[in-house]
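K.L.:
with the input below, show me the fold.
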Amino acid sequence: MSVFASASASFNPIINEAVNEVDRQEFVGTRILPVQGSDSQTGKYVLIKSNQFDNDVSKPRAPGSNFASASGEYESASFECIEYGVENSLDDLDIANAQTDALLDIATVAANQLADDLMVGHELRTANALSGSGFNSTAATAAMSVAASATPILDINNAVMRINANGIFKGIQLIMEASLYQEMLQTDDMRNLINGSGTMAWATDQVARVLGVDDVVICKSQYNTAVKGQSASRSKVWPTTSYYVASLANGPFSNGGIGRTLAYNARGGQFVSETYRTEQPPASVVRVRNCVDEIIINSNAGEIISGA
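P.N.:
A predicted model of the protein is given here:
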């Protein structure tokens, strides 16, 4: 008999714990737009234009007079957490001769695959959010492939200074696709820092210090663009001729950063694992879902470097 006896989908804490414990380092979407719970599925959020503050407006107050006032521009934007989910049916015949706990083992493997599918979708939406973010865009001095001419250190330092000019100094990171990152390490600009020796084997924190950023986010994720049933065709999620310099932060919007992934609290967290029973065909069904929206909250906190 199936351990998933109910025909109604119900939360499965054992599978859910296993799914949420997996370290999915190849996906960086929740690092760039960290998950933030929302009590509402739809609504508006209020933002402050960061470059409207930090003015020298503090003045001495004379007896009987008012304090000096600061005026900043506020703006609002709408969000809508959309539910995403995928299911996998585990046919009774596939598990009929297995040991007692085989269904739970197979279901956990299936759930992790479904969670990876959800992560691919989130990664794509995060990449799309950044490409349409309204960040200031500046052309690179030269493409990374032109090793003798590319100046990534200067390009990135200039981007950091432009973000600083908007009053933003914390959590500034480099966001770059993995193959482009490797090309950057082979430019003369970077190789000269180690006296022209061979391939750089620096850790990302060392590279970050050289580039004048707090950290480096290397984007490795790919996805299958082939029609179901056809041979896999892998494509990169992140751009290979442009990259980002951006302030990243989690927690309340007041902590800053370019954005968040809003997750509707009433529909669970990052992953919700559910199971149910069906008889047509006879199978145990595993579902993984979430309800999220990827939003940019401050376009002044990021820069795009194009033509890289």
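
K.L.:
so where is the protein shaky, pLDDT-wise?
P.N.:
Scanning the chain for pLDDT under 70 picks out 1-5, 48-57, 70-73, 97-104, 194-200.

K.L.:
which stretches in the chain count as helices?
P.N.:
Assigned by DSSP state H, the helices in the chain fall at 13-21, 29-32, 92-95, 102-131, 152-164, 178-185, 188-191, 204-211.

K.L.:
and Tyr45, which of those helices is closest to it?
P.N.:
helix 102-131 (14.6 Å; CB to CB). In this view, the C-beta of every residue, glycine as well, is placed from N, C-alpha and C.

K.L.:
mind checking which of the helices of the chain is nearest Ile172?
P.N.:
helix 152-164 (5.6 Å).

K.L.:
for the closest one, packing partners?
P.N.:
strand 136-139, strand 172-177, helix 188-191, helix 204-211, strand 243-247, strand 302-306 (3 or more CB pairs under 8 Å, 6 or more residues apart in numbering; DSSP states H and E).

K.L.:
reformat those as TSV; add distance to Ala232.
P.N.:
Listed next are these as TSV, based on distance: least, CB to CB, whole Å:
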stretch	distance to Ala232
strand 136-139	33
strand 172-177	20
helix 188-191	34
helix 204-211	29
strand 243-247	26
strand 302-306	30
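
K.L.:
what's the burial count for the closest residue to Glu177 other than its chain neighbours?
P.N.:
Leaving aside its chain neighbours, Glu177 sits nearest to Trp238 (4.1 Å; criterion: CB to CB, 6 or more residues apart in numbering). Other residues within reach of Trp238, judged by other CB atoms under 10 Å, total 27.

K.L.:
do the one 3 residues further on as well
P.N.:
Counted with other CB under 10 Å, the burial measure for Thr241 works out to 14 neighbours.

K.L.:
roughly how far does the residue lying closest to it once chain neighbours are set aside sit from Leu154?
P.N.:
Distances taken as CB to CB, 6+ apart put Ala308 closest to Thr241, at 5.8 Å, once the chain neighbours are dropped. Separation of Ala308 from Leu154 (CB to CB, to the nearest Å) stands at 13 Å.

K.L.:
more neighbours: the two, which one.
P.N.:
For Ala308 versus Leu154, neighbours defined as other CB under 10 Å are more numerous around Ala308 (24 against 12).

K.L.:
got the contact list for that one?
P.N.:
Ala308 makes contacts with 140, 143-144, 150, 152, 155, 180, 241-243, as judged by CB atoms under 8 Å, 6 or more residues apart in numbering.

K.L.:
pull out the buried residues from those.
P.N.:
140, 144, 150, 152, 155, 180, 242-243 (16 or more other CB atoms under 10 Å).

K.L.:
ok, Arg31 to Phe253 distance?
P.N.:
Distance from Arg31 to Phe253, counting by CB to CB: 17 Å.

K.L.:
hmm, I typed the wrong one, I wanted Cys81.
P.N.:
From Cys81 to Phe253 the distance is 16 Å (CB to CB).

K.L.:
likewise Gln25?
P.N.:
Taking CB to CB, one finds Gln25 at 26 Å from Phe253.

K.L.:
next one: Arg209
P.N.:
29 Å.

K.L.:
these two: which is more packed in?
P.N.:
Phe253 (17 against 12).

K.L.:
show me the contacts for that one.
P.N.:
36, 45, 47, 260, 297.

K.L.:
can you give the strand pairings for the top strand by length along the chain, parallel or anti for each?
P.N.:
In terms of residue count, the longest strand belonging to the chain (DSSP state E) is strand 282-296. Partners of strand 282-296 in the sheet, by DSSP bridges, are strand 82-91 (antiparallel), strand 259-264 (antiparallel), strand 272-279 (antiparallel).

K.L.:
how about the CA coordinates for that strand, as CSV?
P.N.:
Only the C-alpha atoms of strand 282-296 are listed here, as CSV (Å, rounded to 0.1, in the frame of the first residue of the first chain):
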residue,chain,number,x,y,z
PRO,A,282,-2.3,4.0,-9.9
ALA,A,283,0.5,6.1,-8.6
SER,A,284,1.9,8.2,-5.8
VAL,A,285,2.4,11.8,-6.8
VAL,A,286,5.0,14.2,-5.6
ARG,A,287,4.6,18.0,-6.0
VAL,A,288,7.0,20.8,-5.2
ARG,A,289,5.7,24.4,-5.4
ASN,A,290,6.3,28.0,-4.4
CYS,A,291,4.6,31.4,-4.7
VAL,A,292,7.0,34.2,-5.4
ASP,A,293,7.8,37.4,-7.3
GLU,A,294,11.3,38.7,-8.2
ILE,A,295,11.4,42.5,-7.8
ILE,A,296,13.9,45.2,-8.2
